[in-house]
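1. Have a look at this prediction, sequence included:
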Amino acid sequence: MNLIKPAVVLSALLLSGSAVFSAVVYELDFSTAKGDVKGWFNEQGWKNQGKILKMNPRFENGTQVLEAMGSDSGALIYEFEPSVFLKNAHHVVIEWGVDQYPKGADWSGPKDKTWNIREAIDVVITFGIEKISRGNLVVPNLPYFIGLFHADGEKVGEAYFGDYWQQSGRCCCISADGTKELVTTHFALSDKFKEAFGRMAPPVTGLAIKVDCKKNRQGRRTAFHGLDPQITFHDQLP
């Protein structure tokens with residue numbers, strides 16, 4: 001089974017008495033995933049980074065679970081082939097959740113401050129292939145990206161800059177009350193990109209699931225979970 005696949009089903013909404021169709025461009029669905037997580041992701045063309053494979057990753061009752069203990073950080077990364085860049089991925093819907101949050105996170109303050117930017121779970125979406133200079137020989141240049149994360153105490157809807165890649169990246173808080181419930185996030189990718197960077201959004205070229213608990217005050221368990229967890233890209237608001 002291909003983890004990321006083009007969807008052939010259209011979802012219809014009735015708006016103002018007329019049918020409006022939202023095409024599912026691509027989806028990432030964990031609901032039927034089984035077996036070894038590392039082998040499963042590698043088979044689908046994903047790469048791993050940092051300590052993500054030490055977070056006891058597993059599929060559990062139709063969910064993908066990650067447990068970040070201590071100060072672990074890492075990511076699962078997928079890069080689309082140029083022939084299947086998502087040119088019409090204007091909206092993303094994510095079904096996900098967190099059951100514990102890393103302590104000590106603080107995104108507040110001016111851009112030039114070094115923040116303690118911890119994330120229990122972060123979905124990162126990259127745009128285009130142009131790599132924007134970081135101006136630092138140690139930190140690699142990256143394409144434009146938007147990260148979505150759950151928080152416990154930050155400002156919902158705020159697009160934070162983070163410590164690096166302030167010219168090319170934004171980290172958007174989508175829930176800030178420390179909820180441990182399943183959340184369905186609807187996020188207007190193209191609109192937020194234009195608002196953040198002042199230009200039209202290039203095609204979506206990559207996707208990452210990231211956990212960052214560096215400088216965490218104590219061991220925490222994080223989970224990417226739900227009854228039918230998935231990340232779905234749409235051509236318009238579904």
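-> Okay, I see it.
2. Please count neighbours and contacts with C-alpha atoms only from this point.
-> OK.
3. mind listing the helices in this structure by residue range?
-> All helices of the chain, identified by DSSP state H, fall at 37-43, 189-197.
4. And the first one, what does it pack against?
-> This means helix 37-43. The contact analysis (3 or more CA pairs under 8 Å, 6 or more residues apart in numbering; DSSP states H and E) places helix 37-43 against no helix or strand.
5. which of the residues in that helix are buried?
-> Neighbour-count burial for helix 37-43 flags 37-38, 40-41 (criterion: 16 or more other CA atoms under 10 Å).
6. that older thread, could you say which one of the helices of the chain comes nearest to Gln230?
-> helix 37-43 (14.6 Å; CA to CA).
7. picking up where we left off before, figure out which of the helices of the chain is closest to Val123.
-> Proximity to Val123 (CA to CA) singles out helix 189-197 among the helices of the chain, at 12.5 Å.
8. Quick check, pLDDT for Ser18.
-> Looking at Ser18, its pLDDT reads 45.
9. Which helix or strand in the chain has the lowest average pLDDT?
-> Here the helix or strand of the chain ranked lowest by mean pLDDT, DSSP states H and E is strand 10-15, holding a mean of 36.
10. can you tell me which residues contact the residue positioned nearest the centre of the chain?
-> Closest to where the C-alpha atoms of the chain average out (CA atoms, centre = their mean) is Val123, at 0.9 Å. Listed by CA atoms under 8 Å, 6 or more residues apart in numbering, the contact set of Val123 reads 147-149, 207-210.
11. partners of the longest strand that the chain contains, with directions?
-> Counting residues, the longest strand in the chain under DSSP state E turns out to be strand 119-132. The strands beside strand 119-132 in its sheet (DSSP bridges) come out as strand 142-150 (antiparallel), strand 204-212 (antiparallel).
12. Touching, Asp235 and His90? I think so.
-> Yes - using CA atoms under 8 Å, Asp235 is in contact with His90, at 5.1 Å.
13. Which one's more surrounded, the two?
-> His90 (22 against 19; other CA atoms under 10 Å).
14. Between helix 189-197 and the longest strand of the chain, find me the angle.
-> In terms of direction (axes from the mean of the first three to the mean of the last three CA atoms, to 10 degrees), strand 119-132 departs from helix 189-197 by 70 degrees.
15. now strand 119-132, how far from the centre of its chain.
-> On the basis of CA atoms, centre = their mean, to the nearest Å, strand 119-132 sits 8 Å off its chain's mean C-alpha point.
16. Output that strand as CSV, nothing but the C-alphas.
-> These are the backbone C-alpha positions of strand 119-132, laid out as CSV (Å, rounded to 0.1, in the frame of the first residue of the first chain):
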residue,chain,number,x,y,z
GLU,A,119,7.3,20.8,20.1
ALA,A,120,5.4,17.6,21.1
ILE,A,121,4.5,17.1,17.4
ASP,A,122,5.1,19.3,14.4
VAL,A,123,3.9,18.8,10.8
VAL,A,124,6.2,20.6,8.5
ILE,A,125,5.3,21.4,4.8
THR,A,126,7.9,22.6,2.4
PHE,A,127,7.2,24.7,-0.7
GLY,A,128,9.3,24.9,-3.9
ILE,A,129,12.9,23.9,-4.5
GLU,A,130,14.6,27.2,-4.0
LYS,A,131,16.8,27.0,-0.9
ILE,A,132,16.8,30.3,1.0
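17. which residues sit in contact with Ser168?
-> Contacts of Ser168 (CA under 8 Å, 6+ apart): 132, 142-145, 197.
18. 7 Å instead?
-> 132, 143-145 (CA atoms under 7 Å, 6 or more residues apart in numbering).
19. Sounds good, over and out.
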